[in-house]
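1. Everything below, folded, please.
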Amino acid sequence: MQLYVDQRPNGDGAALAVTPEGLYGWGNNWSDQLSIPLFRDSLVLFPQAVTLHEKWAVAKYQKNLPPRKKHELVKLISFTHGRTILVTQVGTYMAGLAMLWFIGNCTYNPRIFMPVPLPDGFVAKRIDDEGCLVVVSMGSNQLITGRNNHGQLGLGHNDEVCQFTPLPFWFDRLLHESPKFFVFQSGAMILIAGQAPRCMVESGLLPGCGDGSNVYTTATPLLFRGEVSRYHSDYDSSVVWVTEGQTNVWTSRLGKLTLAFEATHFSFTRTKDCFCDNAGGWHRVKGGGGWSDVDCKKPPAPSIVEIPRPDFE
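-> Now for the predicted structure:
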């Protein structure tokens, strides 16, 4: 038996099991991600059989499998963010949240698994479901769907996306999401798409100013001087990136400044802004963009934020 649960800290509280007798689900079915219509939008206390509608090829295929071999139906599963994506021997199906992104405007039943249109011969080997977007990969081919009202998928437009669409750039992972823009890692590059926030524009990381409204519907590389070893950004108020021997910062309070050491963590509070160096020493940033060589007291743990390392391997 293979058991799938949402591994996020605030996961859905649902579980899906692939067993020799078929698919079974239990737990929180708040977005119908378990495809159990009798328990729509409710808690499933005990394992229940997942519904595979007889209209679709997947139900017929499972029915024709030998007893105790029903698990052979499934090739890959993504089970997170209130939806299930099921890659089977006879196509890809999904149930749950934001079905419109996958199925389009055709008639569909939101309570059960529905077939997902994909190019002929495309069978996903990897699924990255980030909640706000989903990328499926097969070798060097990648398709994307998700929220695109500000062009944040990087497809060159801000039209609604209603099915998986070929990606014009390589997706490794999503570094940051916001309601209006996404930041992607693509190989050794960091890309932004959507309505760029103030911190990106004023930090000097973006070439030009988009179309005047700072909208980049085509995924655009951020311009770093030097090789980036750490990177962090939030919605609008700060961006921090580390290159060899220095830390580059822009915040709405500090403006743009460069620190002469490689920071690993920072803490921005109402009264002070501090950065931690590789040796574990904390430095307080002074007004006017200066910084102190003298270690300051370590900030309270809840205020400390790690500057993540993008995996460029």
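
2. C-alpha from now on. contacts and neighbour counts both.
-> OK.

3. Now the element after the helix or strand of the chain with the lowest mean pLDDT, going C-ward?
-> Using mean pLDDT, DSSP states H and E, strand 291-295 stands out as the lowest-scoring helix or strand of the chain, at a mean of 61. Next along the chain after strand 291-295, taking DSSP states H and E as the criterion, comes strand 304-306.

4. What are the contacting residues of that next one?
-> 264-268 (CA atoms under 8 Å, 6 or more residues apart in numbering).

5. List the buried residues for that strand?
-> Under the neighbour-count criterion of 16 or more other CA atoms under 10 Å, strand 304-306 has residue 304 buried.

6. residues making contact with the longest helix along the chain?
-> With secondary structure taken from DSSP state H, the chain has its longest helix at helix 57-64. Counting contacts by CA under 8 Å, 6+ apart, the residues outside helix 57-64 that touch it are 22, 52-54, 70, 73, 88-91.

7. And stretch 213-232, what's buried?
-> By 16+ other CA under 10 Å, the buried positions in stretch 213-232 come out as 214-222, 224, 228-232.

8. how far out from the middle of the chain is it?
-> Stretch 213-232 sits 17 Å away from the centroid of its parent chain (CA atoms, centre = their mean, to the nearest Å).

9. Against residue 309, how distant is residue 266?
-> 14 Å (CA to CA, to the nearest Å).

10. do the same with residue 274
-> Distance from residue 274 to residue 309, counting by CA to CA: 19 Å.

11. Name the residue in those two with the higher neighbour count.
-> residue 274 (23 against 14; other CA atoms under 10 Å).

12. Quick check: that one touching residue 268?
-> Yes: Residue 274 lies in contact with residue 268 (CA atoms under 8 Å); the separation is 6.6 Å.

13. hang on, the earlier thing: next secondary structure after the longest helix of the chain?
-> strand 74-80.

14. what packs against that following strand?
-> The contact analysis (3 or more CA pairs under 8 Å, 6 or more residues apart in numbering; DSSP states H and E) places strand 74-80 against strand 2-5, strand 83-88, strand 126-129.

15. The helix or strand containing residue 249 pairs with which strands?
-> Using DSSP H and E, residue 249 sits within strand 246-251. Counting by DSSP bridges, the strands paired with strand 246-251 are strand 238-243 (antiparallel), strand 255-259 (antiparallel).

16. among the ones you listed, which gets the worst mean confidence?
-> Lowest mean pLDDT within the strands paired with strand 246-251: strand 255-259, at a mean of 89.

17. any weak-confidence spans in the protein?
-> Applying pLDDT under 70 to the chain flags residues 106, 208-212, 287-294, 312-313.

18. What residue spans form the domains of it?
-> 1-117, 124-223, 225-313 (automatic domain parsing).

19. residue contacts, the most centrally placed residue in the chain?
-> Nearest to the geometric centre of the chain sits residue 130, at 2.7 Å (CA atoms, centre = their mean). By CA under 8 Å, 6+ apart, the residues touching residue 130 are 81, 174.
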